[in-house]
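Asker: for reference, the sequence and a predicted model appear below.
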Amino acid sequence: MSELFKRTHMCGELNADNINENIILNGWVSKRRNLGSLIFVDLRDKTGITQVVFNDDVPKDLFDKADSLRGEFVIGIKGVVKERSSKNDKMATGDIEVFADDIVIYSAAETPPIYIKDDDNVDDNLRLKYRYLDLRKKKMQDNLMLRHKVVKCARDYFDESGFTEVETPMLIKPTPEGARDYLVPSRMKPGRFYALPQSPQMFKQLLMVGGTDKYMQIVKCFRDEDLRADRQPEFTQIDLEMSFADADDVIDVQEGFIKKVMKDIKNIDVKIPLDRISYDDSMDRFGSDKPDTRFGFELKKLKEATLNSEFKVFNNAEDVRGICIANASSEFSRKNLDKIINEAKQYGCGGVVWIRVEDDKYNSSVNKFFDQDALKKIADVFGAKPNDLILIVADKTKVVFDSLGFLRRHMAGKLGLLDENQFNFLWVVDFPLFEGDEETGEMKAMHHPFTQPKTEQIHLLDTEPLKVKANAYDIVLNGVELGGGSIRIHDKDLQAKMFNVLGLTDEECDEKFGFLIEAFKYGVPPHAGLAYGLDRLVMLLLGESSIREVIAFPKNQNAECMVSEAPGIAGKEQLEELGISVNE
């Protein structure tokens, strides 16, 4: 077993102040260069790289040992810090180098399947398969360090604000919360299953019943749903709940947290209170309940401006709206537009009409249905100028919102308007309490069934439930929902009415939520809360486009762990013990 050299410094810490000091470093060999009488080794750890020098003054066995080093060998060195004759201003340690007088090789390494450098452009599947190598890159170490700092910031802030961190169970009862549960079979109760929590929602409400008053937790959550850039099967929330609090109390505390995070992590002073926008206004203006306000291109209604046209698509549509992309027409060829329109169709629209505003005329994909005066009427709705590009969708209102919401942000991205160093926070409030399932026609809660309706609209639950607004609020950053919360129902009769509107029978309520209903019989304080997506927050602070870049061991697009090859096959004996049979 190799002797352990107890390090005195990290590789990225040394500078001119350390000249002539005897030091010990440990790390990975990033590069080795043999110049005959000199061997240079770039030694790397999570803090950076230091150049280590072996010259022919050292014993031959030491020189030969240094010559045997290859990339990713793990070594320790002892030596003296010297001023570097040819300084490297591209390295934090570029003013110095270490002349080694001893070396230990902890472990040799084979040639790695991926390069250990930030700009390797390696395939994502290879990066995930060899994630332990990928994590050696400075970028990934920096990402994990920033995540650590955000978590510490959260714990410090909420501790100082009177919150108690409490862990809630990972093995819970399956309940309907909007996504599929991950199920865990019970050996002790054959035929029964635990679920991994989609959120700690009911347990944090029980903590309020239990008198905890202010709760927080950095907690893993699990949802069996399709993956995308900001979604993983397992993710982490900063979860919060407060007793005797209304929406303003929750929002005030959270804005203090956002202000602290941005100052501590990015040295940016965020002006609070943050802007608030209603759900209805957000959808009308941006086609999204998580609007990106770093740029314009707001939606405009065009139904009136297109009345009496010969274009049946507009005449027969429930809704007609458009966006105007300023000074962008020349940036997009017809081929480019066709490709973008094809991408928009994944949101349900049959197509997208475009109008190019030129110096003295209008050119459109529907020229044969609209004369110049009619096209001018549409352009005037936007106050369009030459070289502007108008995109129009006509369909059901939801499809119009979804399609234009996508196009708005997609076009901004194409034009380089998504500045990752600009942080536009806002609150979206006054969400609908319910939404109708287009396929089944069934009513479902937009957030969850414990969300309190607006007090003045409770009477509408019996007659027009889709008109009822919720005491709910989402915090949004640059078009991404960072977190969401609501005032919770604490009145057992109102909770029963909520379940009734959702079509749940007494038996179903008892089966799914019986323990919460039982707890509410014994006195429950008014309470409210919120949960942040930690992964999403860190992703945006780093300017990354996927939460996989801020998770140590993420899943791929098929929800597989490429390192451990999970999910795996359970053995026959294990399945029999659980009372489970698998159809091949």
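Answerer: Cool, got the structure. Numbers count the residues shown, from 1 in each chain.
Asker: any idea how far apart the tips of stretch 312-328 sit?
Answerer: Stretch 312-328 has an end-to-end distance of 28 Å (criterion: CA to CA, to the nearest Å).
Asker: identify each buried residue in it, please.
Answerer: Neighbour-count burial for stretch 312-328, counted by 16 or more other CB atoms under 10 Å, picks out V313, F314, A317, D319, V320, R321, G322, I323, C324, I325, A326, A328. The C-beta positions use only the backbone N, C-alpha and C, and glycine is treated the same way.
Asker: I'd like to know which of those residues are part of strands.
Answerer: Under the assignment DSSP state E, the buried residues of stretch 312-328 contribute D319, V320, R321, G322, I323, C324, I325 to strands.
Asker: and the pLDDT for the nearest residue to V480 once chain neighbours are set aside?
Answerer: Sequence neighbours aside, R536 is the residue nearest to V480 in space, at 5.6 Å (criterion: CB to CB, 6 or more residues apart in numbering). Looking at R536, its pLDDT is 96.
Asker: go ahead and confirm R536 touches G484.
Answerer: No. At 11.5 Å, R536 does not count as touching G484 under the criterion of CB atoms under 8 Å.
Asker: what touches both of those two?
Answerer: Shared contacts of R536 and G484 (CB atoms under 8 Å, 6 or more residues apart in numbering): none.
Asker: which of the three states applies to R408?
Answerer: helix (DSSP: H, G, I helix; E, B strand; the rest coil).
Asker: and the gap between it and D462?
Answerer: Separation of R408 from D462 (CB to CB, to the nearest Å): 38 Å.
Asker: neighbour count for these two, which is higher?
Answerer: Neighbour count, other CB atoms under 10 Å: between R408 and D462, R408 has more, with 25 against 10.
Asker: in contact with the more buried one, which residues?
Answerer: By CB under 8 Å, 6+ apart, the neighbours of R408 are F286, G287, S288, D292, F297, L299, I323.
Asker: in three-state terms, label H448 for me.
Answerer: Here H448 is coil, with the state taken from three-state DSSP.
Asker: looks like V429 contacts D281 (just checking).
Answerer: No. Contact criterion CB under 8 Å: V429 and D281 do not qualify, at 9.7 Å.
Asker: neighbours of the residue nearest to V480, just the number please.
Answerer: Neighbour tally, R536, other CB under 10 Å: 23.
Asker: so which elements touch the helix or strand where it lies?
Answerer: Element membership for R536, per DSSP states H and E: helix 534-542. Applying 3 or more CB pairs under 8 Å, 6 or more residues apart in numbering; DSSP states H and E, we find helix 534-542 packed against helix 138-160, strand 234-243, helix 247-266, strand 480-487.
Asker: tell me which helix or strand comes right after it.
Answerer: Counting by DSSP H and E, the next helix or strand C-terminal to helix 534-542 is helix 572-578.
Asker: so for that next one, what gets flagged as buried?
Answerer: L578.
Asker: mean confidence for it?
Answerer: pLDDT averaged over helix 572-578 gives 88.
Asker: pretty sure E167 sits against M216.
Answerer: No. The criterion here is CB under 8 Å, and E167 misses it with M216 at 11.0 Å.
Asker: just put the contacts of R408 in CSV and tack on secondary structure and pLDDT.
Answerer: As requested, the contacts of R408 are exported to CSV (DSSP: H, G, I helix; E, B strand; the rest coil; pLDDT from 0 to 100):
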residue, secondary structure, pLDDT
F286, helix, 98
G287, coil, 97
S288, coil, 97
D292, coil, 97
F297, coil, 97
L299, coil, 98
I323, strand, 98
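Asker: what's the closest of those to F513?
Answerer: Using CB to CB, S288 is the member of the contacts of R408 that lies nearest F513, at 31.3 Å.
Asker: please name the nearest non-neighbouring residue to the closest one.
Answerer: G405 (4.0 Å).
Asker: name the element that neighbour belongs to?
Answerer: In the assignment (DSSP H and E), G405 maps to helix 397-414.
Asker: most surrounded residue in the contacts of R408?
Answerer: The most crowded member of those, judged by other CB under 10 Å, is G287 (27 neighbours).
Asker: next up, the contacts around E298.
Answerer: With CB under 8 Å, 6+ apart, E298 has these contacts: R285, F286, I323.
Asker: that one in helix, strand or coil?
Answerer: Three-state call for E298 (three-state DSSP): coil.
Asker: separation between it and K469?
Answerer: For E298, the distance to K469 - CB to CB - is 23 Å.
Asker: try D493
Answerer: Taken as CB to CB, the span from D493 to K469 is 20 Å.
Asker: okay, those two: which has more neighbours?
Answerer: Using other CB under 10 Å, the more surrounded residue of D493 and K469 is K469, with 18 against 9.
Asker: ok, the more buried one - contacts?
Answerer: Y279, D430, F431, P432, L433, P453, K454, Q457.
Asker: check what pLDDT it gets.
Answerer: So K469 comes in at 97 (pLDDT).
Asker: and it, bridged to which residues?
Answerer: Going by DSSP bridges, K469 is paired in beta bridges with P432.
Asker: poorly predicted segments of the stretch 251-400 of the chain, please.
Answerer: Within the stretch 251-400 of the chain, no stretch has pLDDT under 70.
Asker: just the helices in it please.
Answerer: 279-286, 312-316, 334-344, 372-382, 397-414 (DSSP state H, counting those that start in this stretch).
Asker: quick one, which of the ones you listed is packed in tightest?
Answerer: Comparing those by mean neighbour count (mean count of other CB atoms under 10 Å), helix 397-414 ranks first with a mean of 21.
Asker: for V29, what are its contacts?
Answerer: By CB under 8 Å, 6+ apart, the contact list for V29 reads V41, D42, L43, R44, L69, R70, G71, E72, F73, V74, I75.
Asker: okay then, goodbye and thanks.
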